[in-house]
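In: Predicted structure and sequence below. I'll ask about it afterward.
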Amino acid sequence: LLLLLLLLLLLFCGTCVMSSTWKAPIVSPNEEKLKLYNSLTREKDVFVPKNGNQVTWYGCGPTVYDASHMGHARSYITFDIMRRVLRDYFKYDVLYVMNITDLDDKIILKARQQYLFEKYVKEGCTEKDTVLTDINEAAETLKKKIDSPDTLPEKKETYSRSMASLEGGLQALKEVSNVTHDDLVAAAEAARDALYVVLDKRMGATVSDQSIFTSVPLKWEEEFHKDLNALNVEAPDVLKRVTEVIPEIATFIEKIISNGFAYESNGSVYFDVTAFKADPNHHYLKLVPEAGQSIDLLMEGEGALASEGDEKKTPFDFALWKKSKAGEPEWDSPWGKGRPGWHIECSVMASEVLGESMDIHSGGVDLKFPHHDNELAQSEAYFGNDQWVNYFIHAGHLHIKGHKMSKSLKNFITIKEALATYTSRQIRFMFLLSPWYATLDYSDDAMETAMVYEKSFNEFFLNIQSALHETKAHTFTKFDAEDVNLASQFQKTKADIHTALCDSIDTPTVMRLSRELMSSVNKYMQAKDSTSQKPQAAILRQIGTFLTQLLRTFGVISSNSEIGFPTSSSTSSLNDAILPKMLEFARIREAVRKVALANKDKAVLQLCDVVRDDVLPNLGVRLEDKELGPVVKLVDREILMKEREQELAMKAEKERKKKEAAERKARDEAEKKEKAKTKPEEMFLNDPAYSKFDAKGIPTHDNEGEPLPKTATKKVAKLWKQQEKLHNKYFGDGKKK
């Protein structure tokens, strides 16, 4: 009995101890969840993959018929950033599928016109009169487009530029007396854009060699991949091409017909929009319902080679399969020789890999209608469901000078051209500083802001590396108030960055928060320097590593460096072997510099500056003179030399402005002095506007003998006083008269 009581007592006491020493933490009901701006709802929706941690994603790839431009980069860099964030930050297992559209009306026209023009240059440029006739015909065609009231203003600009080129070449040819073949070719080249249309109209139907239609996409696909690699855009997990799935497209269309949502007409197959809209289980135009009556946009989606006539039941039906006409590539199908429509291509390529539904579908905002809306309709008609895509995301337009960057408008900057001026890192910073779904203006100002951010990060990382090098590893000192404040701000910044990334991957806010954190760290290190204290190495390393990893997640940094941007192998070697010796050299130089300052030895001080500004940057060393001692940073030589060039350019610009200001001041002073020569009593006497004056020479009557109104009298009196003051300043005794 005693033992039983003892056990009960122990059990009771144990329960009391347990209940009094531990309380379960409260689970936050407001835990952040990733939301994505979904074009299907036009809201930020909580992201819930359909299969646990796995994410299926299809991205619309390029139509490869010309060089990729920065408008394309807008989409591919944007979705590369988002893909990396989903995978590397939120730790999703992402399967990313992208297509290459290597069969399309634009490709057919480009290949055909290019072939015919090259043939014309080789065989047709033989007679001056013939070439003049052809160019004049091309000019007439172009003029009709320019004069048409239906032509958009930006298109008129494009056509006008083509006309100016054509007219210049035409005039040059007319002025040549002894015409050579090169003269005829030069005139044709100047009229190339307009001749494309004329030659295709004449002879397009005669092109029958199928290889002509493959050469253009093969060339430009290869260039596209090179461009993406140069921009550090990761390759897709799966790449699909239209020409590789033609039989599968035909099979896909057959099922849509059997499901009652498509019909054959004259060898082509069209999607039956009326039947689809009438079905209670389906919804048409989920993305842009307001575009339901836009025939122009719909026809643009049908392509420049769309069949004309009454083949469709309604104008809103769109082509799934196009009967090939003469001069077009063709494949066998149940409906005869033909080729796929544009929209069906993506439906088949995506469904082949991802099945009857996917988590994410992405593309440029200009693809919403008709392409993506029709993709949704035909895919859901095939699978018999009403949600082929759960989250549709669209990258915003990239504008240049207020207009959408576009090949058709010929106002585009190719990716290669952009990379000749800016680095891929700077371009990516520009995109990070703008919401991914918003319109972004590509401009010098936008790139300058991006470069400012790049420099801020680079300087910050160099400061961290320098501070860590000065501090022994695993050194811990007592935390003071400044240390606690920085650690607290770091934790808060990480939480705020997480909130921003959950908010539809809000990279502009992340960039702002990162810059604010860097500013706080810089102030923290300056405060430590001012009191001769060492900063907390552990905090600096954590912050430097965190921000480096953040930029790595965004694709800004591609290496595995612990802190900072990647450096060349030569710089890495300097870090390991030279930095301690450079620090010692910097201290010796500083000692010499202090003696020179004390003795006011300008020659030695100038040599110290030459070492800092000219010699060391050539070795990849940046030396900074600080109040508490020199700081050495090892940087890529190319970066330092470019910085030096920019510094000298800014100095020269400052001197130029200073000189201009001095010259302007001297000129103004001379003009004032010249004006001051006139005595106030004489300034109005020869003015024909006045006929009578008082004793001081101030006008009292106008040229018709009428007394001046009160306002006019006040005005001339004020002018007289100003002249008196000016005259006395230069020629008087300085006293009021």
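Out: That came through fine. Residues are numbered from 1 along each chain as shown.
In: what about stretch 377-390, start to end distance?
Out: When the termini of stretch 377-390 are compared using C-alpha to C-alpha, to the nearest Å, they are 14 Å apart.
In: Oh, that last question was meant for stretch 275-293, not what I typed.
Out: Taking C-alpha to C-alpha, stretch 275-293 runs 17 Å from one end to the other.
In: Ok, stretch 476-487 next?
Out: End-to-end distance for stretch 476-487, by C-alpha to C-alpha: 14 Å.
In: Identify the residues contacting it?
Out: Residues external to stretch 476-487 that are found in contact with it (C-beta atoms under 8 Å, 6 or more residues apart in numbering): Ser520, Val521, Tyr524, Ala527, Lys528, Lys534, Gln536, Ala538, Ile539. Placement of C-beta: from N, CA and C, glycine included.
In: repeat that for 10 Å
Out: Residues lying outside stretch 476-487 but in contact with it, judged by C-beta atoms under 10 Å, 6 or more residues apart in numbering, are 471, 517, 520-521, 523-525, 527-528, 531, 533-540, 542-543.
In: Next secondary structure element downstream of the lowest-mean-pLDDT helix or strand in the chain?
Out: Using mean pLDDT, DSSP states H and E, the weakest-scoring helix or strand in the chain turns out to be helix 569-577, at a mean of 52. Towards the C-terminus, the helix or strand next in line after helix 569-577, according to DSSP states H and E, is helix 579-599.
In: In the stretch 251-400 of the chain, where is pLDDT below threshold?
Out: By pLDDT under 70, the low-scoring segments of the stretch 251-400 of the chain are 309.
In: Show the contacting residues for Ala319.
Out: The neighbourhood of Ala319, defined by C-beta under 10 Å, 6+ apart, consists of 262, 265, 268-271, 301-303, 306-307, 311-312, 338-344, 374.
In: Now list the buried members of the residues you listed.
Out: 262, 265, 268-271, 301-303, 306-307, 311-312, 338-344, 374 (16 or more other C-beta atoms under 10 Å).
In: Next step: these restricted to strands.
Out: Ala262, Ser265, Ser268, Val269, Tyr270, Phe271, Gly338, Arg339, Pro340 (DSSP state E).
In: Dig out what the second one forms beta bridges with.
Out: The one in question is Ser265. Ser268 (DSSP bridges).
In: Relative to Leu540, how far out is it?
Out: Between Ser265 and Leu540 the computed distance is 71 Å (C-beta to C-beta, to the nearest Å).
In: so what's Ile578 closest to, chain neighbours aside?
Out: Distances taken as C-beta to C-beta, 6 or more residues apart in numbering place Leu634 nearest to Ile578, at 7.5 Å, with adjacent residues excluded.
In: ugh, wrong one, I meant Asp496
Out: The shortest distance from Asp496 to any non-neighbouring residue, by C-beta to C-beta, 6+ apart, is to Leu513 (5.3 Å).
In: Need phi/psi at that neighbour.
Out: Recorded main-chain torsions at Leu513 are phi -60, psi -40, according to degrees, to the nearest 10.
In: Could you tell me how many residues sit around it?
Out: A count of neighbours around Leu513, defined by other C-beta atoms under 10 Å, yields 20.
In: For it, which residues are in contact?
Out: For Leu513, the contact set (C-beta under 10 Å, 6+ apart) comprises Lys492, Thr493, Lys494, Ala495, Asp496, Ile497, Thr499, Ala500, Asp506, Leu550.
In: which of those count as buried?
Out: Under a neighbour-count criterion of 16+ other C-beta under 10 Å, the subset of these counted as buried comprises Thr493, Lys494, Asp496, Ile497, Ala500, Asp506, Leu550.
In: Using a markdown table, lay out the residues you listed together with secondary structure.
Out: Formatted as a markdown table, the buried ones among the contacts of Leu513 follow (DSSP: H, G, I helix; E, B strand; the rest coil):
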| residue | secondary structure |
| --- | --- |
| Thr493 | helix |
| Lys494 | helix |
| Asp496 | helix |
| Ile497 | helix |
| Ala500 | helix |
| Asp506 | coil |
| Leu550 | helix |
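In: quick one: which of the residues you listed is nearest Leu462?
Out: Closest approach to Leu462 among the buried ones among the contacts of Leu513 (C-beta to C-beta): Leu550, at 17.3 Å.
In: what's the closest one in contact with, if anything?
Out: By C-beta under 10 Å, 6+ apart, the contact list for Leu550 reads 85, 88-89, 457, 494, 497, 501, 510-511, 513-514, 556-557.
In: switch to 7 Å and redo it
Out: Ser514 (C-beta atoms under 7 Å, 6 or more residues apart in numbering).
In: and what of Glu254?
Out: For Glu254, the contact set (C-beta under 7 Å, 6+ apart) comprises Pro334.
In: For it, what is the enclosing helix or strand?
Out: Counting by DSSP H and E, Glu254 is found in helix 246-258.
In: Now that helix: buried residues?
Out: Of the residues in helix 246-258, those scored as buried under the neighbour-count criterion (16+ other C-beta under 10 Å) are Ile246, Ile249, Ala250, Phe252, Ile253, Glu254, Ile256, Ile257.
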